[in-house]
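**Student:** Here is the input, now give the coordinates:
(chains A and B)
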Amino acid sequence: AQKITQTQPGMFVQEKEAVTLDCTYDTSDPSYGLFWYKQPSSGEMIFLIYQGSYDQQNATEGRYSLNFQKARKSANLVISASQLGDSAMYFCAMREGHDYKLSFGAGTTVTVRA
Amino acid sequence: SAVISQKPSRDICQRGTSLTIQCQVDSQVTMMFWYRQQPGQSLTLIATANQGSEATYESGFVIDKFPISRPNLTFSTLTVSNMSPEDSSIYLCSALQSPSTDTQYFGPGTRLTVL
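**Tutor:** Now for the predicted structure:
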């Protein structure tokens, strides 16, 4: 079964607007971590934000925030005030229990329009 | 966060040959991993590189095809052996500084094309 599901293959957003990228996950382990990474066309993977399963508050890092809805098993990424440099592929990933390897979703391509 | 470098950044190779990719971290890390990203696809874990012992491979990946070394806490290599065009991918190493930080940082990747 797919552990991480990203249903949006591609999205367009106007510069300075906010965009929400969907991510749902599947695990039976009570301890897990959720991650978002950005991959520009250069290919590098840039860590954006992390949410632990026991964290009480939604994670935020600058313009990035994670909308964590545990009961719904979703961990959506919100990018506020989009910039042209935000155009990239975005991956949601999860690690489960004490296994630190990551499972990745299929990714969402974001294109920011001027 | 750990700074990770990879060499080479890209290469074009002939089928049947082998390529060794190096991954260097600027500080000691607990765990290192190797991922493959085929064109237009997501990342798939190849193996966990274990310091001083054999790597732990994921289903579908074998040591004869992807031998991995990790001689110390800051360095690892991945060899892609007997390459075919299907091996054309981006290969990325990542490192986990410590379990308490719970965040893997990635190297810039090695873009491999096999002709």
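
**Student:** from here on, contacts and neighbour counts on C-alpha atoms
**Tutor:** Noted.

**Student:** Do you have the strands of the chain handy? List them.
**Tutor:** Let's take chain A. Along chain A, counting by DSSP state E, strands occupy A:4-5, A:10-14, A:19-21, A:24-25, A:32-39, A:46-52, A:60-61, A:64-69, A:74-79, A:88-96, A:99-104, A:108-113.

**Student:** my question was about chain B
**Tutor:** Under DSSP E, chain B gives strands at B:4-7, B:10-13, B:19-25, B:31-37, B:43-49, B:56-57, B:68-72, B:75-80, B:89-96, B:104-106, B:110-114.

**Student:** Number of residues surrounding the residue of chain A found nearest chain B?
**Tutor:** Nearest residue of chain A to chain B (CA to the nearest CA) works out as A:E44 at 4.4 Å. When counting by other CA atoms under 10 Å in any protein chain shown, one arrives at 17 neighbours for A:E44.

**Student:** From A:A114, how far off is it?
**Tutor:** A:E44 sits 24 Å away from A:A114, going by CA to CA, to the nearest Å.

**Student:** got it, and B:Q37?
**Tutor:** Distance from B:Q37 to A:A114, by CA to CA: 30 Å.

**Student:** Mind checking which of the two has more residues around it?
**Tutor:** B:Q37 (20 against 10).

**Student:** List the buried residues in the helix or strand bottoming out on mean pLDDT in chain A.
**Tutor:** Within chain A, no helix or strand scores below strand A:99-104, which has a mean of 91 by mean pLDDT, DSSP states H and E. Using 16 or more other CA atoms under 10 Å in any protein chain shown as the test for burial, strand A:99-104 gives A:Y100, A:K101, A:L102, A:S103, A:F104.

**Student:** hmm, back to that, tabulate the strands of chain A (CSV), appending distance to chain B.
**Tutor:** Supplementary listing: the strands of chain A in CSV, determined by distance: least, CA to the nearest CA, whole Å:
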stretch, distance to chain B
strand A:4-5, 11
strand A:10-14, 13
strand A:19-21, 16
strand A:24-25, 15
strand A:32-39, 8
strand A:46-52, 7
strand A:60-61, 14
strand A:64-69, 15
strand A:74-79, 16
strand A:88-96, 8
strand A:99-104, 6
strand A:108-113, 10
